[in-house]
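1. generate a structure from the sequence data that follows.
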Amino acid sequence: MRSKRGVVYLIIICGCFSLIPIISMQNKHQHPRKHPLARTSHKPRPTGSSTSHTSSQSSSILNKLVVNSSTSLTELYSSLSLRQKIGQLLMMSVPGPDLTEEDKQVLGQVMPGGIILCPYNVDAQHSVVQLTQKLQRTTTSHTPIPLFISIDQEGGRFLRDPLSENQHVTRFPSQMAFGVINKPEYAYQWGLHLGKQLRNVGVNMNLSPVLDVNNNPNNPIINMRSFGSNPRLVQQLGDAYVKGLQDANCIAVGKHFPGHGDTAQDSHTVLPTINHTMAKLEEVEMKPFRSAIKAGLAALMCAHIAYPVISHDYKPATLSHFFLTELLRNSMKFEGITLTDDMKMDAIKMTPAEGAVASIKAGGDIVLSTVSLRAAQQMANALERAALSGELPEDRIRQSVMRILRIKQRFGILDAKADPTAKLDGTTLVEEAKQLNELVSSQSLIYSGKQMLLNPPAETIRIFLIGNELLRGYIKLDNNDMMFHGARSFFARASDMATLIKDTKPKTESVPPVVVYHYSYFYTWEIVQQLREKSKQLGFPIVTLLSGSPYQINEYSVPYWDAALISFGNNPRSLIAIAGALKGDIKPRKGAAHINLNLPYSA
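-> So this is what the prediction gives:
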């Protein structure tokens, strides 16, 4: 009897201990199994939902794992929730120069891997350093992974380069200015100076250099953003710039893979199509990208351009499995990260949410969008739904997130204590870059035309038609010079100008009584045509002062001017160089064959 009773007790005890697994098995049959990526999964929220992501989960993760440069990336990846992994695949923008409560809420919901700073994030009343610090603090209160903070600081575009000397970041001339001079050591120094300045204000990624070969002079969007029209030139200067930027511990992003140079269409407004064969692409467009990858380039931005002869479809490279996976990963062995171009651009004929899923499925790593906070939420929700449904496989997400973590570890982004933000004196950094900026801005100036038109005798009346306030301030006027705020004010006084020109008698017939200097960044052709008509009526020559794309001077527009002075940028130092050339202090070069300009004005 005693032995039987012992058996009964044993059965009861074993049954009690087995109760939990039995319940677990019952629950397993009652509810679907969790997605393997969802360490702590969440039911996907409705599109655009503002439901706050639970902070308890994020806090528990942050408390358990100390993240720094020596952290095991496998362990770090395994500690992340599905939503945190999805967040690493997104780079979004915030709408102003400071964070609002809505911004903070969305950052907590999306937990993005990156933020892009745009011109509207910068103003005189707010500190960029404080903004980048707030962005990092807000995001890392929800995820242990610090942000990529990126910017489009390409050079040469006063309104497009967000940062300036006011934020202790030098505004250099465009890449093509460096291409005109063609000295790789200058490109390296540019990258090094700029990288130090950007890291000091909290920016750890520059969406530059442009590695496109500008072999189509009708290209409306690349032109002087490229180093030039020669693949070897672009390759050498691109490699030097990448090395300089990354030696300063700032991530370089080469763009726009596999090449945006040979098109006459703008991917901001349409989906361009390039009908090159793979052999043609390898001969020209791909050379700078292959070289930069070999030199250690950390990141690539893919182009919103279709290459149907190669991929046999009309998908842009941004969404193409062939370009993102077969070519870039399998063939070229690229181990860095890829970013899309902005999903806001009209080349993408789907919503940002649909585009995000399509790009990651095709092999992309980071989807960049400046559309809106709502669009960022929609992209995160769409990617999460795709992951939970199995449309986006676990291995695909893991590949991208691990690549992102490796780059963040390589550039010290994981170690918040080692962040160099605001550790150096910004004024000193700008001063150190001043000599290079002045050198390149002045040495890259090109003039085509008679020297007498650039620097006429003292008795000649110079009339300046300049709307740019900076350039107006830099030009030193002689007693008989005149300054108009653009061509329209000049036209309003056409009768007075006719009398002035008629009454002005030069000492010799070869010297014009009046020379008109017309400044432009983008030509307004109606104005240009009217100005030429006036010049024919009144008998004065026109010198164009051009700081925008030099390819605006082409076989059709050449007759509208008598000479051209080109600066390859409207940054302050390039404008100062224009003023110096007009004064006679700077002697511009006559041309640069490797950037393929059409400047036929006789000397």
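2. specify the local secondary structure of Ser150.
-> Assigned with DSSP: H, G, I helix; E, B strand; the rest coil, Ser150 falls in the strand class.
3. oh, I was asking about Arg462
-> Secondary structure of Arg462, per three-state DSSP, is strand.
4. tell me the contacts of it?
-> Pro456, Leu477, Asp478, Asn480, Asp481, Met482, Val514, Val515, Tyr517 (CB atoms under 8 Å, 6 or more residues apart in numbering). All C-beta atoms are positioned from the backbone trio N, CA, C, and that covers glycine.
5. which SSE is Leu271 in?
-> In this assignment (DSSP states H and E), Leu271 forms part of neither any helix nor any strand.
6. quick check: it vs Ala264, distance?
-> Leu271 sits 13 Å away from Ala264, taking CB to CB, to the nearest Å as the criterion.
7. rank the contacts of Arg462 by pLDDT and give me only the lowest.
-> pLDDT across the contacts of Arg462 is lowest for Asn480, at 87.
8. my guess is that one meets Ile463, correct?
-> No: taking contacts as CB atoms under 8 Å, Asn480 lies outside contact range of Ile463: 10.0 Å.
9. look at those two and report which has more neighbours.
-> The residue with more neighbours, out of Asn480 and Ile463 and counting by other CB atoms under 10 Å, is Ile463; that gives 20 against 14.
10. any idea what that one is bridged to?
-> Per DSSP bridges, the residues bridged to Ile463 are Met482, Val516.
11. distance check, it against Ala358.
-> For Ile463, the distance to Ala358 - CB to CB - is 55 Å.
12. go on, Val309?
-> Val309 is 21 Å from Ala358, by CB to CB.
13. of those two, give the one with the bigger neighbour count.
-> Ala358 (22 against 14).
14. and the more buried one, which helix or strand is it part of?
-> Counting by DSSP H and E, Ala358 is found in helix 352-362.
15. what helix or strand does Ala579 sit in?
-> helix 572-583.
16. same question for Ser141.
-> Assigned by DSSP H and E, Ser141 falls outside every helix and strand.
17. poorly predicted segments of the stretch 251-400 of the chain, please.
-> Residues of the stretch 251-400 of the chain meeting the criterion pLDDT under 70: none.
18. just curious, which of the contacts of Arg462 is nearest to Pro316?
-> The closest of those to Pro316 turns out to be Tyr517 (CB to CB; 42.2 Å).
19. just confirm that closest one contacts Ile578, I think it does.
-> No: in this structure Tyr517 lies outside contact range of Ile578 using CB under 8 Å: 9.4 Å.
20. which of those two has more residues huddled nearby?
-> Set Tyr517 next to Ile578 and count neighbours by other CB under 10 Å: Ile578 wins out with 28 against 23.
21. residues touching the more buried one, list them.
-> Here Ile578 is in contact with Leu445, Leu471, Tyr474, Tyr519, Leu545, Ser547, Leu565, Ser567 (criterion: CB under 8 Å, 6+ apart).
22. gap between the third one and Gly580?
-> Here the distance between Tyr474 and Gly580 works out to 8 Å (CB to CB).
23. returning to that earlier point: how about the contacts of Arg462 in TSV, adding distance to Leu392?
-> Formatted as TSV, these follow (distance: CB to CB, whole Å):
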residue	distance to Leu392
Pro456	67
Leu477	64
Asp478	68
Asn480	71
Asp481	65
Met482	65
Val514	67
Val515	64
Tyr517	58
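24. out of those residues, which end up buried?
-> Buried members of the contacts of Arg462, scored by 16 or more other CB atoms under 10 Å, are Pro456, Met482, Val514, Val515, Tyr517.
25. now do the strands in this structure.
-> For the chain, strands defined by DSSP state E occupy the ranges 90-92, 114-117, 148-151, 205-206, 251-257, 299-302, 337-340, 367-368, 446-448, 461-465, 482-484, 514-520, 542-546, 563-566.
26. count the residues that sit near the nearest residue to Leu439 once chain neighbours are set aside.
-> Excluding the flanking residues, the one nearest Leu439 by CB to CB, 6 or more residues apart in numbering is Tyr186, at 7.5 Å. If you count neighbours by other CB under 10 Å, Tyr186 ends up with 22.
27. just name the shakiest helix or strand of the chain by mean pLDDT.
-> helix 19-30 (a mean of 38; mean pLDDT, DSSP states H and E).
28. flag the shaky bits of the stretch 51-200 of the chain, pLDDT-wise.
-> Those would be 51-65, 159, if you go by pLDDT under 70 across the stretch 51-200 of the chain.
29. run the last query once more with 80
-> Across the stretch 51-200 of the chain, the ranges flagged by pLDDT under 80 are 51-66, 69, 158-160.
30. now do the contacts for the nearest residue to Asp341 once chain neighbours are set aside.
-> Once flanking residues are discounted, Asp341 sits nearest to His304: 5.1 Å by CB to CB, 6+ apart. Listed by CB under 8 Å, 6+ apart, the contact partners of His304 are His256, Ser267, Leu271, Pro272, Pro316, Ala317, Thr318, Thr340, Asp341, Met345, Ala347, Ile348.
31. give me the number of neighbouring residues for the last one.
-> Meaning Ile348. Quick note: Ile348 (other CB under 10 Å) scores 23 neighbours.
32. pretty sure it contacts Pro316?
-> Yes: with contact defined as CB under 8 Å, Ile348 and Pro316 form a contacting pair (6.9 Å).
33. which residues do those two both contact?
-> What both Ile348 and Pro316 touch, as defined by CB under 8 Å, 6+ apart, is the set Leu271, His304.
34. ok, Lys450 - contacts?
-> Counted by CB under 8 Å, 6+ apart, Lys450 has contacts Asp562, Ala563, Tyr601, Ser602, Ala603.
35. what is the most widely separated pair among these?
-> It's Asp562 and Ala603 that sit farthest apart of the contacts of Lys450, by CB to CB, at 12.0 Å.
36. what touches both of the two?
-> Contacts common to Asp562 and Ala603, judged by CB under 8 Å, 6+ apart, are Gly449, Lys450.
37. neighbour count winner among the two?
-> Asp562 (20 against 10).
38. which phi and psi does the more buried one have?
-> Per-residue torsions, Asp562: phi -110, psi -10 (degrees, to the nearest 10).
39. could you report the neighbour count for the nearest residue to it once chain neighbours are set aside?
-> Excluding the flanking residues, the one nearest Asp562 by CB to CB, 6+ apart is Pro541, at 4.0 Å. As a burial measure, Pro541 scores 18 neighbours (other CB under 10 Å).
40. would you mind measuring from Pro541 to Asp313?
-> 53 Å.
41. same question for Arg199.
-> 40 Å.
42. between these two, who's got more neighbours?
-> Neighbours were counted for Arg199 and for Asp313 using other CB under 10 Å; Arg199 has more, 27 against 13.
43. and the helices in the stretch 451-600 of the chain?
-> If DSSP state H, counting those that start in this stretch is used as the criterion, the helices of the stretch 451-600 of the chain fall at 451-454, 469-474, 487-492, 494-503, 525-538, 572-583.
44. list the contacts for the closest residue to Glu335 other than its chain neighbours?
-> Counting by CB to CB, 6+ apart, Arg403 is the residue found nearest to Glu335 once chain neighbours are left out, at 7.3 Å. By CB under 8 Å, 6+ apart, the residues touching Arg403 are Glu335, Gly336, Ile337, Asp365.
45. quick one: Lys287 and Gln236 touch, right?
-> No: judged on CB under 8 Å, Lys287 makes no contact with Gln236 at a distance of 10.4 Å.
46. burial check on the closest residue to Ala358 other than its chain neighbours, number of neighbours?
-> Among residues not flanking Ala358 along the chain, Leu319 sits closest, at 4.7 Å (CB to CB, 6+ apart). Using other CB under 10 Å, Leu319 has 25 other residues around it.
47. Asp342 versus Leu319, what's the distance?
-> 14 Å.
48. alpha carbons only: can I get stretch 206-222 in PDB?
-> This file holds the C-alpha atoms of stretch 206-222, laid out as PDB (Å, rounded to 0.1, in the frame of the first residue of the first chain):
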ATOM      1  CA  ASN A 206      27.200  63.200 -45.900                       C
ATOM      2  CA  LEU A 207      25.200  62.300 -49.000                       C
ATOM      3  CA  SER A 208      28.200  62.900 -51.200                       C
ATOM      4  CA  PRO A 209      30.200  62.600 -53.400                       C
ATOM      5  CA  VAL A 210      28.300  62.500 -56.700                       C
ATOM      6  CA  LEU A 211      30.100  59.800 -58.600                       C
ATOM      7  CA  ASP A 212      28.000  60.300 -61.800                       C
ATOM      8  CA  VAL A 213      30.000  61.000 -65.000                       C
ATOM      9  CA  ASN A 214      28.300  64.100 -66.500                       C
ATOM     10  CA  ASN A 215      28.700  62.800 -70.100                       C
ATOM     11  CA  ASN A 216      25.400  64.400 -71.300                       C
ATOM     12  CA  PRO A 217      25.600  68.200 -71.400                       C
ATOM     13  CA  ASN A 218      21.800  68.400 -71.400                       C
ATOM     14  CA  ASN A 219      21.600  66.800 -68.000                       C
ATOM     15  CA  PRO A 220      19.300  69.100 -66.000                       C
ATOM     16  CA  ILE A 221      20.100  67.800 -62.500                       C
ATOM     17  CA  ILE A 222      23.700  66.500 -62.300                       C
END
